[in-house]
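predicted coordinates and the sequence they were generated for:
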Amino acid sequence: MCRELEYWLRYVCTRDVSGRPGKPGRASCGGFFLVATAHLRAATEVAKTDSGIPASGSRGVLADNFKETPYWWDDAPAPELPVVEPPRIVDVAVVGSGYTGLNAALETARAGRSTLVLDAEQAGWGCSTRNGGQISTSVKLTVEQLARRYGAERAHAIHHEGRTALEWIEDLVDREAIDCDFHRKGRFHAAHTPEQFTALASRVEVQRREGIEAHMVSRAEQRSELGTDAYHGGVVYPRHAALHPAKYQNGLLARVIGSGAQVATYCPVLDIERSAVGFTLRTPHGAITARDVIVATNGYSGALVPWLRRRIIPIGSYVIATEPLPSGLIDRLFPTDRIASDTCRVIYYFRASPDRSRVIFGGRVSAGEIDPRVSAPLLHAELARIFPELRDTRVSHSWAGTVAYSFDSLAHTGIHDGIHYAVSYCGSGVSMASYLGMRTGQRLLGRKEGRTAFDDLPFPTRPFYSGTPWFLPAVVAWYRWRDRRECARAAGGTG
Ligand SMILES: Cc1cc2nc3c(=O)[nH]c(=O)nc-3n(C[C@H](O)[C@H](O)[C@H](O)COP(=O)(O)OP(=O)(O)OC[C@H]3O[C@@H](n4cnc5c(N)ncnc54)[C@H](O)[C@@H]3O)c2cc1C
């Protein structure tokens, strides 16, 4: 979605209120606000019908034992760690205990640095136990788009990192013997219009020349991949993979603790200050002195590091799990057991659960942030649109999490004011958060393999942006409206 965010920001900066193109660079601050307000007002009108409370009948989609917690937590709850006083002095303090923080801590602890991981909540409470478990290269921009910004060499290097992350995570899971239902059966990325199918086909041509495995599947053959006629064919990426997010998180946590690192849960870091020996981290349980600090807080970063706050766009993402389905039905819907997603601007992503008993279905179904009880029927309606056979299937779990986008749709890692960070995976961080976490740990240790193609990239912000994405409801409403119109047109409706 975020390639579109950047486009939108450019759009409001270069158009007048009537929507006509203006001269690039013409917008003044006052003009910016006028335009933004007008767009916001227009989109809020759309949002009223887009994110309101669902029709009363739709509450019937919730199962009797409905839960507002991630489905993954049933199988793999976060372990209750003993409450310990955090040590007063450590070599490395890692803030955030998700995939980024744990992979960084694994490197530093195994290198013999005393390492403390702190989390404001239970271990893995953030996105790392809430995601869809879909694994891709996590690089959203094309080589051409990146080359225009950074030159061809850097563009290829960034794509290479994405492919490395996608392969590396399987090695990690194998090497660490983490039992997390990892499988590499590929992804079906579905076109929501015939035009998108054509666009995917040309992109795949380029990707194949770059050595990426991919093949197109026509609409006529689509049911061999996915039990739906809602799409217009798509592309298969056979190297994409899947895992059980919470089992992966808990396995990593066990390895981190086994490596000698300490983990302090329910211990928010309130601020970080430079000190004579490194940094002082203030927590409700006392101050901690650390020679080095890694910030791994992603969508939950808040105000801890104001510089990051101005660069991270926190966005809610929503998922449901269905009640168990008959095995024949899940075999019809997911005959190849691949993960799936689509080309909508506000994408839907879905898969069978690891035991192939349920469908896990995610997407952003509202303009503003909403409660999982409200998102459940909205997601169910989209699920039933794509898979009409699931119209009467109820929702057993509905949950949300906060991902981090950047204004340039890229992940970012580096050092700012002496603090290491790795953030902004733009909703696709299972492999990339893990990989950049690992590289951040290596960089802190001064190892040359800790350098990545993401290092030293400019990390943009926008004027007047201080961490609250006031523009988001308008952007999401606008994109959802365009997606719907295109889907309706492609299906033969009027749109
Ligand atoms: C609903 C949803 C679906 C997703 N689906 C996919 C998917 O299918 N595939 C994919 O690749 N990616 C997906 N993602 C994204 C992916 O989960 C994330 O990119 C990844 O987990 C980020 O890991 P992280 O460790 O950087 O952050 P997180 O796992 O979010 O961890 C950050 C931690 O920092 C802690 N924290 C914050 N501030 C402080 C503080 N001041 N002091 C102490 N602790 C603090 C938080 O409590 C939190 O536990 C999804 C995300 C969501 C929410």
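In hand now; what should we look at?

quick one, strands of the stretch 101-250 of the chain?
Ranges of strands within the stretch 101-250 of the chain are 115-118, 134-135, 187-190, 215-217, 234-237, 241-242, based on DSSP state E, counting those that start in this stretch.

could you list every residue that touches Thr69?
Contacts for Thr69 (Cβ atoms under 8 Å, 6 or more residues apart in numbering) come out as His397, Trp399. C-betas here are computed from N, CA, C, even on glycine.

if we go to 10 Å?
Pro77, Thr129, Arg130, Pro372, His397, Ser398, Trp399 (Cβ atoms under 10 Å, 6 or more residues apart in numbering).

can you check Gly446 too?
Ala111.

do you know how far it is from Ile415?
12 Å (Cβ to Cβ, to the nearest Å).

quick revisit: including distance to the ligand, could the strands of the stretch 101-250 of the chain go into JSON lines?
Output for these, formatted as JSON lines (distance: least, Cβ to the nearest ligand atom, whole Å):
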{"stretch": "strand 115-118", "distance to the ligand": "5"}
{"stretch": "strand 134-135", "distance to the ligand": "3"}
{"stretch": "strand 187-190", "distance to the ligand": "10"}
{"stretch": "strand 215-217", "distance to the ligand": "21"}
{"stretch": "strand 234-237", "distance to the ligand": "13"}
{"stretch": "strand 241-242", "distance to the ligand": "8"}
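
would you turn these into a markdown table with mean neighbour count?
Listed next are these as a markdown table, based on neighbours: other Cβ atoms under 10 Å:
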| stretch | mean neighbour count |
| --- | --- |
| strand 115-118 | 27 |
| strand 134-135 | 26 |
| strand 187-190 | 26 |
| strand 215-217 | 16 |
| strand 234-237 | 22 |
| strand 241-242 | 26 |
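
could I get these as CSV with distance to Tyr405?
Listed next are these as CSV, based on distance: least, Cβ to Cβ, whole Å:
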stretch, distance to Tyr405
strand 115-118, 24
strand 134-135, 17
strand 187-190, 20
strand 215-217, 29
strand 234-237, 22
strand 241-242, 23
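
does the residue nearest to the spatial centre of the chain count as helix, strand or coil?
The centroid of the chain falls nearest to Gly427 when counting by Cα atoms, centre = their mean (1.6 Å). Secondary structure state of Gly427, per DSSP: H, G, I helix; E, B strand; the rest coil, is coil.

Produce a PyMOL select command limited to the buried residues of the contacts of Thr69.
To isolate the buried ones among the contacts of Thr69 in PyMOL, judged by 16 or more other Cβ atoms under 10 Å, type:
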select buried, resi 129+130+372+397+398+399
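
which one of the contacts of Thr69 is nearest to the ligand?
Nearest to the ligand among the contacts of Thr69 is Arg130, at 4.6 Å by Cβ to the nearest ligand atom.

can you tell me how far the closest residue to that closest one other than its chain neighbours sits from Ile135?
The shortest distance from Arg130 to any non-neighbouring residue, by Cβ to Cβ, 6 or more residues apart in numbering, is to Gly401 (3.6 Å). Gly401 sits 17 Å away from Ile135, going by Cβ to Cβ.

closest to Glu68 among the contacts of Thr69?
Nearest to Glu68, judged by Cβ to Cβ, of those is Pro372 at 4.6 Å.

packing partners of the helix or strand that the residue nearest to Arg130 is a member of?
Using DSSP states H and E, the element containing Gly401 is strand 395-405. Counting contacts by 3 or more Cβ pairs under 10 Å, 6 or more residues apart in numbering; DSSP states H and E, strand 395-405 is packed against helix 2-14, strand 62-67, helix 72-75, strand 313-322, strand 359-363, helix 372-386.

nearest to Ala474, of these?
It's helix 2-14; of those, that one is closest to Ala474 (Cβ to Cβ) at 8.2 Å.

isn't Arg364 up against Ile347?
Yes. Look at Arg364 against Ile347 with Cβ atoms under 10 Å: they come within range, at 8.1 Å.

which one of these two is surrounded by more residues?
Arg364 (28 against 19; other Cβ atoms under 10 Å).

show me the longest helix that occurs in this structure.
helix 152-175 (DSSP state H).

does it reach the ligand?
No. Using Cβ under 6 Å from any ligand atom, we find that helix 152-175 stays clear of the ligand, coming within 9.7 Å at best.

the chain should start at 44 in everything you say after this.
OK, 44 is where the count begins now, so the last one is helix 195-218.

for that helix, give the mean pLDDT please.
Mean per-residue pLDDT for helix 195-218: 97.

got the buried residues for it?
For helix 195-218, by 16+ other Cβ under 10 Å, it's 197-198, 201-209, 211-213, 215-216.

which pLDDT value goes with Val408?
81.

could you do Phe76 as well?
According to the model, Phe76 scores 36 on pLDDT.

one more: Arg266?
pLDDT at Arg266 comes out at 97.

wait, it touches Arg375, no?
Yes. The pair Arg266 / Arg375 is scored as a contact, 8.3 Å apart, by Cβ under 10 Å.

what residues are shared contacts of those two?
With Cβ under 10 Å, 6+ apart as the test, Arg266 and Arg375 reach no residue in common.

and the residue of the stretch 344-493 of the chain at minimum distance from the ligand, how many neighbours?
Taking Cβ to the nearest ligand atom as the measure, the stretch 344-493 of the chain has Gly472 as its residue closest to the ligand, at 2.1 Å. Around Gly472 there are 30 other residues, counting by other Cβ under 10 Å.

likewise for Leu479?
30.

need the contact list for it.
142-143, 146-147, 181, 204, 208, 339, 454-456, 464-468, 472, 486, 495, 497.

near the ligand, which residues of the stretch 344-493 of the chain are found?
Counting by Cβ under 6 Å from any ligand atom, the stretch 344-493 of the chain sits next to the ligand at 345, 347, 360, 362, 392, 405, 444, 446, 468, 470-473, 476.

nearest to Ala154 among those residues?
For those, the nearest to Ala154 is Ala476 (20.3 Å; Cβ to Cβ).

what about the closest one, how many neighbours?
31.

which SS class is it?
helix.

need the per-residue pLDDT for it.
pLDDT, Ala476: 98.

for Ala520, same thing?
91.

the residues of the stretch 344-493 of the chain next to the ligand: which two are farthest apart?
Counting by Cβ to Cβ, the most remote pair of these is Leu347 and Tyr392, 29.2 Å apart.

where does the stretch 44-193 of the chain dip in pLDDT?
44-102 (pLDDT under 70).

how about the residues of it by the ligand?
138-144, 161-164, 168-171, 173-178, 181.

just the buried residues of those.
The buried subset of those - by 16+ other Cβ under 10 Å - is 138-144, 161-163, 168-171, 173-178, 181.

now what about stretch 247-263, what contacts it?
So stretch 247-263 is contacted by 180, 185-187, 199, 202-203, 205-206, 209, 229-234, 237, 240, 243-244, 246, 266-269, 272, 274-283 (Cβ under 10 Å, 6+ apart).
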